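>>> 3D, please:
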Amino acid sequence: MASHTVSSGQKPHVVCVPYPAQGHIDPMLKVAKLLHNRGFHVTFVNNVYNHNRLRRSRGPNALDRIPTFRFESIPDGLLETDGDKMQDIPSLCEATMKNCLAPCKELLQRINARDDVPPVSCIVADGIMSFTLDAAEELGVPEVIFWTTSACGFLSYLYFHNFIEKDLCPLKDESYLNTRIDWIPSMKHLKLKDIPSDIPSFIRATSRDDIMLNFFLHETDQLKRASAIILNTFDYLEHDTIQSLQSILPPLYPIGPLNLLVNRDIEEDSEIGRMGSSLWKEEKECLDWLDTKPLNSVVYVNFGSITPDLVDGEVPMLPPDFLTETAGRRMLATWCPQEKVLAHPAVGGLLTHCGWNSTIESLCGGVPMVCWPFFAEQPTNCKFCCDEWGVGMEIGGDVGREEVEAVVRELMDGEKGKNMRKKAEEWIGLAEKATEHTCGSSELNLQIVINIVLLQHLHPSILAS
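Below is the predicted model of the structure:
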């Protein structure tokens, strides 16, 4: 694939490649919107399966409305499934790593052969779509890697090799989970159980041949090839961890919270503002219901796209007794506009799995959390929410309704809940300060990423200025 020379008068063209899952597509679309708002032509590349799901959820013409913001797709090599089922994560990770490079290169060639769009000048790809680095190198353009986790979760992934060297992985038995981890910089009082885990893989894998363990080892090994790395976090929140990451990786920039930057820069009712990323149809009636509720009176319960019924593409099933007992004081939605829900004044708490999107959106909304982590870096996020940021209370693994009720009551009505809410309000101010228009740390970092990294192919002389 030949390298293209871009003339100084041409519009920069960024190709954005998210990992094909809801929690990765959403923050990548925010990055794409910010770049488009600052003058970039954007091509947003989903896998074929999610491209078709977006058309169903957003409408058949929703992806074709803006000539300078185009959606494309590449195959992942997996068999197509029906409806809105989630693709199997281990199979998808293996497929993207093995099957996506060739179709990605072919897509870039097709784009560069067109007369109605500028040549590709840079790539922004998800941190676990590292095959794009080969395509960027062959094309001769810079690539920024977007790692969509927290900084603390990201740092944990980088130390997976050390767990293997110290004979802590593969996991021999559950007694090892209480092993103290004191050799990851800037991360205090950790135990093995706090480190990112999956069911049945990641660092709790029982076999060295585990697909997910080896996938993350491979993906993190590729990071030093990137032109830069960006994170959806901000310096006030994870300062020490960010400094540790910056000491061992290519230039790394926290540019979050992305939702605050997007809300500040892009009108909600504009064409680009209405562009959504939800793979499921959102039920916005929940916002009308919240309008009828008092301040801080509602607990929002959301475990993201991991609930079994959603994985199967079905409506979540709940016991009939629950539906009867809670009639008149609950709202059930299969999928909702989460950012707007968390920003609503009626919401006083979140029961969450501690996925990073939910966590940082809660911080931006000043909403304290009951943390019930399941997999990936969620246990690490939970640890920091509870012990470092003062906005969370953890529920243990297999618990009964009484324990859940007690923690939720403390969150909503107890003294600890009041203190958490006060701390959460402090984080709102710091998040807003990080995204201030002219001098916020994340805003300045985004300007550096654009001017020094993404535009270097267009204006090489800028590096010397």
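>>> Which helix or which strand is home to residue 260?
Using DSSP states H and E, residue 260 maps to helix 258-265.
>>> how about that helix: buried residues?
Buried residues in helix 258-265, counted by 16 or more other Cβ atoms under 10 Å: 258, 259, 260, 261, 262, 263, 265. Backbone N, C-alpha and C define where each C-beta goes, glycine included.
>>> Got the confidence number for the residue positioned nearest the centre of the chain?
The residue lying closest to the centre of the chain (Cα atoms, centre = their mean) is residue 148, at 3.9 Å. The model reports residue 148 with a pLDDT of 98.
>>> Equivalent analysis for residue 29, please.
Note on residue 29: pLDDT of 97.
>>> which intervals of this protein have sub-threshold pLDDT?
1-9, 81-84, 197-202, 304-329, 397-398, 457, 459-465 (pLDDT under 70).
>>> go again using 50 as the cut-off
The model of the chain has pLDDT under 50 over residues 2-8, 198-201, 308-313, 461-465.
>>> Could you dump the buried residues of helix 258-265 into JSON lines and include distance to residue 233?
Listed next are these as JSON lines, based on distance: Cβ to Cβ, whole Å:
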{"residue": "258", "distance to residue 233": "10"}
{"residue": "259", "distance to residue 233": "12"}
{"residue": "260", "distance to residue 233": "12"}
{"residue": "261", "distance to residue 233": "12"}
{"residue": "262", "distance to residue 233": "15"}
{"residue": "263", "distance to residue 233": "17"}
{"residue": "265", "distance to residue 233": "18"}
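>>> so which of those would you say is closest to residue 359?
residue 259 (12.0 Å; Cβ to Cβ).
>>> and the residue nearest to that closest one when sequence neighbours are not counted, how many neighbours?
Nearest residue to residue 259, sequence neighbours excluded (Cβ to Cβ, 6 or more residues apart in numbering): residue 339, at 5.6 Å. For residue 339, the neighbour count with other Cβ atoms under 10 Å is 17.
>>> and the helix holding residue 260, what other elements does it pack with?
Judged by 3 or more Cβ pairs under 8 Å, 6 or more residues apart in numbering; DSSP states H and E, helix 258-265 is in contact with helix 22-37, helix 356-365, helix 415-434, helix 441-448.
>>> coming back round to it: now do the same contact list for the residue nearest to the centre of the chain.
Counting by Cβ atoms under 8 Å, 6 or more residues apart in numbering, residue 148 touches 19, 23, 24, 27, 28, 126, 127, 232, 356, 357.
>>> Angles on the backbone of the first one, please.
Backbone geometry at residue 19, expressed as degrees, to the nearest 10, gives phi -70, psi 140.
>>> in the sheet, who's paired with the residue nearest to it when sequence neighbours are not counted?
Nearest residue to residue 19, sequence neighbours excluded (Cβ to Cβ, 6+ apart): residue 126, at 4.1 Å. The partner list for residue 126 in beta bridges (DSSP bridges) reads residue 146.
>>> okay, now residue 126: neighbour count?
Counted with other Cβ under 10 Å, residue 126 comes out at 23.
>>> isn't it right next to residue 26, touching?
No - look at residue 126 against residue 26 with Cβ atoms under 8 Å: they stay out of range, at 11.6 Å.
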